[in-house]
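Chemist: Build me a model:
(one chain, ligands or ions: 2)
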Amino acid sequence: MRVDRTFSGELMRSGLMTANDPKLTDRVSWPRSKYSAGFDLTQNPHVRGPPPISMTQSSMKTIYALLLTLWLLPAAANPTQAVTAKNWIHGSQNCEESHDPAIDVLAADADTYILRQNKCIHVEAPFIYVFFGQHTVFIQDTGATESATQFPIYATVLRLINERVAANNGDRPKILVTHSHGHSDHTAGDDQFRDQANVVLVENQLDAVIGYFDFPNWPIGETVIDLGGRELTLFPIPGHQEASVAVYDTQTQWMLTGDTFYPGRLYVREWDEYKTSIQKLVDFTRKKPVAALMGTHIEMSNTPGEVFDFGLEYQPNEAALPLTIDDLNALNAALIEIGDDPEERIMDKFMIAPVGAVQNFIGRVLGWIFG
Ligand SMILES: [Zn+2]
Ligand SMILES: [Zn+2]
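Modeler: Ligands and ions are numbered 1, 2, ... in the order given. Here you go, the predicted structure:
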């Protein structure tokens, strides 16, 4: 498998990386057992003690059979549990000989997919979200690689749509392509969607985002869009990048946070704006139920406080993708404690990584040159 070495906005940040090797262990993070929540029949007050006199032996057998069935059934998985349990394709020790697909697809529920780009194709290995409503499918981000041959993101989305239309005998949905923010590891696949049938592509530049989603007072305000029986609330969260947008989904109760909040290096370009955006996310979680905060990379191992080196093609023992409200509150508390002067800090689930003024300037120039 050939690796895409094209320029990425994220690659510029490599100057920030620590050189120490995290000395990865071989421990494997097994998903939590689906059966671990099974009932202990001896301790269950509902089944202890002698049966009532009136019960026949056969009715008791039926009850025990029912209880046994309940015990054997896997705990009902919700979408967040499905994501936590997922062992993503995390690159390969030998990408040249790897036959893993370019895109790993998880159906978190019947209407909700998360796609991850293989690290062998691009080391950023971003996540892409696909939410189906009755008349519109919402796509957040298009990945880190332009080439449809190396990275067939449009074809993958189209396959999901075709399977769904065939299964439901339904109409073809409109495809709404948006971005968590404007960095090229989340927008490189845009051209694959451009000019395709049924596609509305919201360009990633700030003025396009403001215009399409109607944010006249950016970064203040929020917008609700309806996918057909599924509402999304969008609001600005600049700080990592100027056009960063959070998306709250009523169906999964997920808050999509892009590169603003994920299990990895949280690059903060505009410190004050970032702090305001994190406080805004915290405030939102206090007024609406949020099951998980879902970002667009994994750069932490499942050992608390252990950050993977930048640019690895192989990342075993990754942390789970979903973050919790407690994690968000921990970030907010740390930012408040740090105060006005940006400071790097490694925490259990993520790392605060302020970007210096010089790096910011170089990043802008390179971004301007390479788009
Ligand atoms: Zn970014
Ligand atoms: Zn990114």
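
Chemist: which residues of the stretch 201-350 of the chain fall in helices?
Modeler: Using DSSP state H, counting those that start in this stretch, the helices found in the stretch 201-350 of the chain span residues 206-213, 271-287, 325-338.

Chemist: Just list what the last one packs against, helices and strands only.
Modeler: What it means is helix 325-338. Judged by 3 or more CB pairs under 8 Å, 6 or more residues apart in numbering; DSSP states H and E, helix 325-338 is in contact with helix 271-287, strand 292-295, strand 351-354. (Glycine included, C-beta is placed from N, CA and C.)

Chemist: Point out the most buried one among these.
Modeler: Ranked by mean neighbour count, the helices and strands packed on helix 325-338 are led by strand 292-295 with a mean of 24 (mean count of other CB atoms under 10 Å).

Chemist: hmm, who's touching that one?
Modeler: Strand 292-295 is contacted from outside by 80, 83, 114, 127, 129, 252-264, 281, 321-325, 327-328, using CB atoms under 8 Å, 6 or more residues apart in numbering.

Chemist: gap between it and the chain center?
Modeler: 6 Å (CA atoms, centre = their mean, to the nearest Å).

Chemist: Show me the contacts of strand 292-295 that map onto strands.
Modeler: Ile114, Phe127, Tyr129, Trp254, Met255, Leu256, Thr257, Gly258 (DSSP state E).

Chemist: what's the closest of the helices and strands packed on helix 325-338 to Asn168?
Modeler: Of all these, strand 292-295 sits nearest to Asn168, with 25.5 Å by CB to CB.

Chemist: picking up where we left off before, among the helices and strands packed on helix 325-338, which is nearest Phe310?
Modeler: strand 351-354 (10.5 Å).

Chemist: List the neighbouring strands of that closest one plus their orientation.
Modeler: Its sheet considered, strand 351-354 pairs with strand 265-268 (parallel), strand 345-346 (antiparallel) by DSSP bridges.

Chemist: ok, and does that strand reach over to ligand 1?
Modeler: No - applying CB under 5 Å from the ion, one finds strand 351-354 separated from ligand 1 by no less than 11.4 Å.

Chemist: Enumerate the residues of the stretch 151-300 of the chain near ligand 1.
Modeler: Residues of the stretch 151-300 of the chain lying near ligand 1 (CB under 5 Å from the ion): His183, Asp259.

Chemist: try 8 Å this time
Modeler: Selection of the stretch 151-300 of the chain residues close to ligand 1 by CB under 8 Å from the ion yields Ser180, His181, His183, Asp185, His186, His240, Gln241, Ser244, Gly258, Asp259, Tyr267, Thr296.

Chemist: which of those are close to ligand 2?
Modeler: Okay, of these touching ligand 2 (CB under 8 Å from the ion), that's Ser180, His181, His183, Asp185, His186, Gly258, Asp259, Thr296.

Chemist: For the first one, I want the exact helix or strand it lies within.
Modeler: Assigned by DSSP states H and E, Ser180 belongs to no helix or strand.

Chemist: sorry, back to before: mean pLDDT for the helices of the stretch 201-350 of the chain - can I get that in a markdown table?
Modeler: A markdown table is the format used below for those (pLDDT from 0 to 100):
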| stretch | mean pLDDT |
| --- | --- |
| helix 206-213 | 98 |
| helix 271-287 | 98 |
| helix 325-338 | 98 |
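
Chemist: between the ones you listed, which one is nearest to ligand 2?
Modeler: Using CB to the ion as the measure, helix 271-287 is the one of these that comes nearest ligand 2, at 14.8 Å.

Chemist: tell me what the closest one is packed against?
Modeler: Using 3+ CB pairs under 8 Å, 6+ apart, the elements in contact with helix 271-287 are strand 231-236, strand 245-249, strand 254-258, helix 325-338.

Chemist: what's the most buried one of those?
Modeler: Highest mean neighbour count of the helices and strands packed on helix 271-287: strand 254-258, a mean of 26 (counted as mean count of other CB under 10 Å).

Chemist: any idea of the mean pLDDT in that one?
Modeler: For strand 254-258, the mean pLDDT works out to 98.

Chemist: Give me the contact list for it.
Modeler: Applying CB under 8 Å, 6+ apart, the set of residues contacting strand 254-258 is 79-80, 129, 140-141, 180-181, 186, 237, 240, 244-249, 281, 284-285, 290-296, 322-323.

Chemist: Strand partners (parallel or antiparallel) of that strand?
Modeler: Going by DSSP bridges, the partners of strand 254-258 are strand 245-249 (antiparallel), strand 292-295 (parallel).

Chemist: Can you check which of the ones you listed gets nearest to Trp88?
Modeler: Closest approach to Trp88 among the strands paired with strand 254-258 is made by strand 292-295 (13.0 Å; CB to CB).

Chemist: Could you see whether ligand 2 lies near the closest one?
Modeler: No - Strand 292-295 does not reach ligand 2 (CB under 8 Å from the ion); its nearest approach is 8.8 Å.

Chemist: Distance to ligand 2 for the helices of the stretch 201-350 of the chain - can I get that in TSV?
Modeler: As requested, the helices of the stretch 201-350 of the chain are exported to TSV (distance: least, CB to the ion, whole Å):
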stretch	distance to ligand 2
helix 206-213	16
helix 271-287	15
helix 325-338	17
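
Chemist: what does stretch 236-243 rub up against?
Modeler: 179, 181-183, 204-206, 209, 215, 218-221, 244-246, 257-260, 266-271, 273-278, 280-281.

Chemist: Can you find the residue of the stretch 51-200 of the chain that comes nearest to ligand 1?
Modeler: For the stretch 51-200 of the chain, CB to the ion, closest residue to ligand 1: His183, 3.5 Å.
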